[in-house]
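**Student:** Quick one: sequence and predicted model below, then my questions.
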Amino acid sequence: MARWSPPQEAGRLAGLAYSGSQIGAIGSMFITLFCKHWCGGSWPSLFYIQGNLSLLVVIICIVLVTDTPSVNTRISVEEKEFITGSQRNRGLCPVKDGDTVPWRGMMTSFPLWAILVSHTCGAFGSYVYLSCTSAYIQRVITDNTNKNILQATPHLGMFVVILLTGHITDHIRSTDNLSTTSIRKIFNSIGELIPALVLIIAGFLPSSQSTIKLTLLIMGVSLTGCVYAGGYIVNVIDISPQHAGIAFGISNTIASAFVLLGSATIAESVDVEYQGNWEILFVVTAAVYIFGGLIYLVFGSGSLQHWNTTSCTTDHDETHRPDDIANSAATPTTGAQGGETCASLPIDFIDEDVRT
């Protein structure tokens, strides 16, 4: 994704990519209903349909997808130059033989650790939200038609929020009114701290308020979509576009492992018929959300990190490291009138945490 998204369009591209998983979840529900009512309730038909659709997507990806715009033959020269030019301006260059991964810099990076912690907490929280909302719908809704529609509602809410967040964050970044760091922290807080508050409120509502509780759960899980195109998910592209894939791979692996552990714990410890267990689960999940959100608020960053070590060769065969260019951006030069002006360099290289 880092190699296909210009900085000013990263949110929208992330929104389009990650909203697809929600459409997939909704589609799976309706495919299941189709197989149940029109295929004689045959489970094999469900697997045949899902498997063939997945195989079709794989074939499309093999035919159409390329690693980078530079080797893609289906986009115009102008678009290719626009994307690759914007990447050089933010420290993203073609991978060359001999390039190494800055493991030490990554493992000692507070912004990367903030992403990892927030991702782990957010993944656990999202799992609990979706699982509990689904279980609650099964428990309180008796009409099967309404039950099926409501099961799809959380995913539809996340789909809308993810797409909107991508467009909103890109628009705010284009105005230069807020730094990328501030934007990421604001939307990550909306996607973790507000859902945590909603969980606490829903957990202590009496059982008689089932409609309000269900509405709160759907609203809370929908807001978690803010982290995809506006929070920690897309943030790896900001801090290190050159190593975004590796950084996200590490973060996603640890987060997935934590979710597996959490799901086993939930399955063993929670009796859905006992109100007290719901309260405990909601409060614990809210605490996990709050911990991840606060860590990101303190240590998160939208600035290009010094360990994004790469060198790009210009037309004059000159090489520069991004941090060298960032330092030179603050070096005054003498203008035509004898005054001092800042060097004319892409703003993406300047550390946004110290921008004035």
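**Tutor:** Structure received. Numbers count the residues shown, from 1 in each chain.
**Student:** Distance of Gly302 relative to Gly24?
**Tutor:** Here Gly302 is placed at a distance of 29 Å from Gly24 (CB to CB, to the nearest Å). Glycine gets a C-beta too; all of them are placed from N, C-alpha and C.
**Student:** now the helices for this protein?
**Tutor:** In the chain, the segments counted as helices under DSSP state H are 10-38, 43-64, 77-88, 103-107, 110-140, 144-175, 180-203, 210-223, 226-230, 232-239, 244-269, 275-299, 322-329.
**Student:** Including mean neighbour count and distance to Arg3, could these go into TSV?
**Tutor:** Below are the helices of the chain laid out as TSV (neighbours: other CB atoms under 10 Å; distance: least, CB to CB, whole Å):
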stretch	mean neighbour count	distance to Arg3
helix 10-38	17	11
helix 43-64	11	16
helix 77-88	15	7
helix 103-107	13	19
helix 110-140	21	19
helix 144-175	18	18
helix 180-203	22	18
helix 210-223	19	30
helix 226-230	29	18
helix 232-239	28	10
helix 244-269	15	9
helix 275-299	19	25
helix 322-329	17	16
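**Student:** Out of these, which is closest to Ser70?
**Tutor:** With CB to CB as the criterion, Ser70 lies closest to helix 77-88 of the helices of the chain, at 5.9 Å.
**Student:** before we move on, the earlier item: worst mean pLDDT among the helices of the chain?
**Tutor:** Lowest mean pLDDT within those: helix 322-329, at a mean of 39.
**Student:** Would you tell me which of the helices of the chain gets closest to His306?
**Tutor:** Of all the helices of the chain, helix 322-329 sits nearest to His306, with 4.7 Å by CB to CB.
**Student:** Mind putting the helices of the chain into a markdown table with distance to Met1?
**Tutor:** Formatted as a markdown table, these follow (distance: least, CB to CB, whole Å):
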| stretch | distance to Met1 |
| --- | --- |
| helix 10-38 | 6 |
| helix 43-64 | 14 |
| helix 77-88 | 12 |
| helix 103-107 | 18 |
| helix 110-140 | 15 |
| helix 144-175 | 12 |
| helix 180-203 | 16 |
| helix 210-223 | 23 |
| helix 226-230 | 11 |
| helix 232-239 | 7 |
| helix 244-269 | 7 |
| helix 275-299 | 20 |
| helix 322-329 | 19 |
